[in-house]
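Enquirer: task: produce atomic coordinates for the following.
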Amino acid sequence: MTDTAETRADDRVFFDANIRTPEMEMAEIGADVPSANELTIDQINPHNPYLFLEDRWQDHFARLRAEDPVHLNELETAGRFWSVTKYEDVRAVDGDWETYSSAKGITLGIKEIATAEESEGQVGIQTFIAMDPPEHTAQRKTVRSVSAPSNLRNIEPMIRERTAELLDSLPEGESFDWVDTVSIELTTLMLATLFDFPMEDRRKLTRWSDIVFAIPGPGGVVETQQQKIDELLECVDYFDGLFKLRRENPGFDLVSMLANGEATKDIPMVEQLGNLLLLIVGGNDTTRNTMTGSVYGLNKFPDQFDKLLANPDLISNFVPEVIRWQTPLSYMRRTANHDTELGGKQIKKHDQILMWYLSANQDEDVFENAHVLDIERHNADRQLSFGYGIHFCMGSRVAELQLRVLWEEILQRFKRIEIQDEPERVFSSFVHGYSKLPVTVTRK
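Expert: Just a heads-up that it's a prediction; the model follows:
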């Protein structure tokens, strides 16, 4: 691959190393964000990644839900954007693709491009989650069979065998990092299987997933925007080779589906990157952070761990409840196709709208004592972590299967999994996750 950095005008956001993103601007503002009760309501900006790094987002969103559930902010880089924080409002936006488009991107975008009349399609990386029908429908259809019930039945024994083998290998009475040893390993093995990706290179998938939404900076996941670009172009080159192989010898895997699907086979590789990264992040970041969140949550609420040990049948309700409580992706963005009204606020054409799933899942009008992990919660399956409407997460059943199997196997082996320190968290307002969680296990 030669002239990748000059491929298309609407790739320029991603491939321009000098671009200043909203995430960078918020990072520059710094960590000294006052507590929610020290701010006026117009001063609250929930997009600041330090709120998530420091696990201080809860009170900021609680104030927005109570006082200003459709909340306007403005950044130099992003322009106007609205934070939608109540459950019903989030569903209303997510369910109305004709008013609120995905085609300008799913994370907070760049002002000049997000508002440009001539901008066509997703800016930066192209992906079918950042499309509207009919393009979205056609490309999603290409890969959706991977989560069909018949395929889930076929892969469950493999998931269980790998999970059991890994859990049996864990050291007893010795601290280790649950994130890297269990969560990342299990989800990366699963993802490599779905891609039919070389197992010896599977941690490349982890790395590419980590850097997609990483904010460049000293000591971070990537030091500079140029490093981020260079590494993702390596991803393009790697998959370009896999696509050529699968066109000649297709199988039942995601790469084969994309390489040979009618709606995706002719997409240039640099544009195909978006769909690949969507599947990598969707299959890796989200499940791995909920796997970690499940251990952390049951330590914060040990009575729930006791209930689960006493009655493993509660796993079926624990899975949607911990997905609600964790909410692995904090928000998704939409862009207004025309002037409209939401929650009494006047939304202008081209305004960006952030649907905060993380806040909707904490809405006390829907979930009583929402901050509590309650494995017997009667309406846990109403959680919005997988979205709503035409963009409902295609891999939701795979994620639920992995979590269910993990906890079925854990309860057979361990009396306790105890955290040894508070987790280190991801520096992101989009991925709500963990970079480290030290634990010890006690076997039965």
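
Enquirer: can we go C-alpha only for contacts and neighbour counts from here?
Expert: Will do.

Enquirer: where do the strands of this protein begin and end?
Expert: 70-75, 79-84, 100-101, 176-177, 331-336, 340-342, 345-347, 352-356, 414-419, 424-425, 434-436, 438-443 (DSSP state E).

Enquirer: format the ones you listed as a markdown table; extra columns: mean neighbour count and mean pLDDT.
Expert: Shown next, in a markdown table, are these (neighbours: other C-alpha atoms under 10 Å; pLDDT from 0 to 100):
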| stretch | mean neighbour count | mean pLDDT |
| --- | --- | --- |
| strand 70-75 | 18 | 94 |
| strand 79-84 | 23 | 94 |
| strand 100-101 | 24 | 90 |
| strand 176-177 | 18 | 98 |
| strand 331-336 | 25 | 93 |
| strand 340-342 | 12 | 97 |
| strand 345-347 | 16 | 97 |
| strand 352-356 | 28 | 96 |
| strand 414-419 | 18 | 96 |
| strand 424-425 | 17 | 96 |
| strand 434-436 | 19 | 96 |
| strand 438-443 | 18 | 97 |
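
Enquirer: in a markdown table: the ones you listed, plus distance to Leu279.
Expert: What follows is these, written out as a markdown table (distance: least, C-alpha to C-alpha, whole Å):
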| stretch | distance to Leu279 |
| --- | --- |
| strand 70-75 | 30 |
| strand 79-84 | 26 |
| strand 100-101 | 20 |
| strand 176-177 | 25 |
| strand 331-336 | 16 |
| strand 340-342 | 31 |
| strand 345-347 | 31 |
| strand 352-356 | 21 |
| strand 414-419 | 30 |
| strand 424-425 | 22 |
| strand 434-436 | 19 |
| strand 438-443 | 28 |
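
Enquirer: out of the ones you listed, the one nearest Phe318 is which?
Expert: strand 414-419 (16.3 Å; C-alpha to C-alpha).

Enquirer: who's in contact with the closest one?
Expert: The contact list for strand 414-419 (C-alpha atoms under 8 Å, 6 or more residues apart in numbering) reads Val295, Tyr296, Asn299, Leu309, Leu437, Pro438, Val439, Thr440, Val441, Thr442, Arg443, Lys444.

Enquirer: closest one to Ile155 among the strands of the chain?
Expert: strand 414-419 (24.4 Å).

Enquirer: hey, what's the most centrally placed residue in the chain bridged with?
Expert: Per C-alpha atoms, centre = their mean, the C-alpha nearest to the average position across the chain is that of Leu329, at 3.7 Å. Going by DSSP bridges, Leu329 is paired in beta bridges with Val431.

Enquirer: ok, it - contacts?
Expert: Thr286, Tyr357, Leu358, Ser385, Phe430, Val431, His432.

Enquirer: show the pLDDT at the nearest residue to Ala36 once chain neighbours are set aside.
Expert: Leaving aside its chain neighbours, Ala36 sits nearest to His60 (5.0 Å; criterion: C-alpha to C-alpha, 6 or more residues apart in numbering). With respect to pLDDT, His60 has a value of 97.

Enquirer: now do His60 against Lys244, distance only.
Expert: 49 Å (C-alpha to C-alpha, to the nearest Å).

Enquirer: compare those two (neighbour count), which wins?
Expert: Remark: of His60 and Lys244, His60 carries more neighbours, 20 against 14, as counted by other C-alpha atoms under 10 Å.

Enquirer: list the buried ones in stretch 39-51?
Expert: Ile44, Asn45, Pro46, His47, Asn48, Pro49, Tyr50, Leu51 (16 or more other C-alpha atoms under 10 Å).

Enquirer: please disregard the earlier target; I meant stretch 242-261.
Expert: 242-243, 246-247, 253-261.

Enquirer: just put these in a markdown table and tack on pLDDT.
Expert: Shown next, in a markdown table, are these (pLDDT from 0 to 100):
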| residue | pLDDT |
| --- | --- |
| Leu242 | 91 |
| Phe243 | 89 |
| Arg246 | 91 |
| Arg247 | 90 |
| Asp253 | 82 |
| Leu254 | 81 |
| Val255 | 84 |
| Ser256 | 86 |
| Met257 | 83 |
| Leu258 | 81 |
| Ala259 | 83 |
| Asn260 | 85 |
| Gly261 | 82 |
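
Enquirer: all set, thanks.
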